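Participant: Curious how this folds, go ahead:
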Amino acid sequence: MDIRHDFELRAFNTLALPGRAAHFATVTNLDEARAALAFARERGLAVTVLGAGSNVVLAGDLPGLVIRVAIGGRELVAVRGDHLELRVGAGEDWPATVEYCLAQGWYGLENLALIPGTVGAAPVQNIGAYGVELAQRFVALEALEIATGALRRFDREQCAFGYRDSFFKGPGRDRWLITSVTLALSRSPNLVLDYPALRAALAARAASALTPAAVAAAVCALRRARLPDPALLPNAGSFFENPVVPADQAQALAAQFPGLVTFPAPGERVKLAAAWLIEQCGWKGVARDGVAVHDRQALVLIHRGGGAGALLGLAGAIRASVRARFGVELIPEPRILGGRWP
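Facilitator: As a prediction, this is how the structure comes out:
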């Protein structure tokens, strides 16, 4: 294992924000991960775990040790008829894993195609798109306790999944380094086509042409039409969660704002389209101070060299205007590292 010192992180976050790690290590297997954690414990260093850097805002230099997880590997660990369980290394690329499963004829992840990031980051955020969440395809994960190096298995219940949420964003935050994730897949297609935009994209297809591969292709086309490539326009994907509010609040807002875009949510609650709220406040396409709101998707903030301060300032202004007009609080999706939200 190679420990780097005073290491530049611009290339390791998709917003291309500058910042330095006091110490940095890339780990490719369990032994290297344990060794990196031991290095940090022996020196009393804080540990920051990093995947692809696609859901973080690097707001400054990071003290302690940054561990980039690059643990690979895919292994079938259970086969019961058409039902499969696939254990995947936490450092594997998520979009590549979806493509791999489709190529094998293993289905269930097609709605989650092209979501940027690593497999290990997926349960932290409980990634979701087009009517499917990771929690619905999840069996278990393994993680090293940062304080001790002990390996532990977490099942679905222990992960406490919620909307873009999990145990690892709450009580388990900064306590665990995820090393592998086991997914539930099937050899039999069970298409989820409830999401309106996806259903519309596939409406012209004959029933016989509605395959998992077709769903994945439609999802990829929808995502590419809405979300810019971080290699061309540095971004962290959707910057805000869709707010979930009580049903009576959603009804009152719909009466006041007839175009309000909503989706059903569990427990007598309603999910509001954050992009619509932001657009109504006039932010779509706004550019200032080296940052911008994407002109095709108001949920995406773009970094054009203005730095973390300008980006967080823009995010704060958007949140304030949505709060003032709609009485709704937008929650940022990316995690801020080396700073805090304004």
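Participant: Can you get me a residue count around Phe326?
Facilitator: 21 (other CB atoms under 10 Å). Just so you know, the C-beta spots here come from the backbone N, C-alpha and C atoms, and that holds for glycine as well.
Participant: residues in contact with it?
Facilitator: Leu253, Phe257, Leu277, Gln280 (CB atoms under 8 Å, 6 or more residues apart in numbering).
Participant: which of those residues lies closest to Ala121?
Facilitator: Leu277 (26.2 Å; CB to CB).
Participant: Is the closest one within a helix or a strand, and which one?
Facilitator: helix 274-280 (DSSP states H and E).
Participant: before we move on, back to that, need the buried ones from the contacts of Phe326 selected in ChimeraX.
Facilitator: The buried residues among the contacts of Phe326 can be selected in ChimeraX (16 or more other CB atoms under 10 Å) with this line:
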select :253,277,280
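Participant: nearest to Arg87, of the contacts of Phe326?
Facilitator: Of all the contacts of Phe326, Leu277 has the smallest distance to Arg87: 39.5 Å, by CB to CB.
Participant: how about the nearest residue to the closest one, chain neighbours excluded?
Facilitator: Distance criterion CB to CB, 6 or more residues apart in numbering; nearest residue to Leu277, sequence neighbours excluded, is Val322 at 4.9 Å.
Participant: my guess is that neighbour contacts Leu330, does it?
Facilitator: Yes. Assessed by CB atoms under 8 Å, Val322 is found in contact with Leu330 at 5.4 Å.
Participant: Give the residues shared as contacts by those two.
Facilitator: Ala274, Leu277, Ile278.
Participant: Identify the residues contacting the second one.
Facilitator: Right, the one you point to is Leu277. Pro243, Val322, Arg325, Phe326, Val328, Leu330.
Participant: any idea how far Glu8 is from the residue nearest to Gly306 when sequence neighbours are not counted?
Facilitator: Nearest residue to Gly306 in three dimensions, chain neighbours excluded: Gly290, at 2.3 Å (CB to CB, 6+ apart). Taking CB to CB, to the nearest Å as the measure, Gly290 falls 19 Å from Glu8.
Participant: What of Ser238?
Facilitator: 27 Å.
Participant: Neighbour count for these two, which is higher?
Facilitator: Here Ser238 and Glu8 are compared on neighbour count by other CB under 10 Å; more neighbours surround Ser238, at 22 against 13.
Participant: is it true that that one touches Glu333?
Facilitator: Yes. Ser238 lies in contact with Glu333 (CB under 8 Å); the separation is 5.6 Å.
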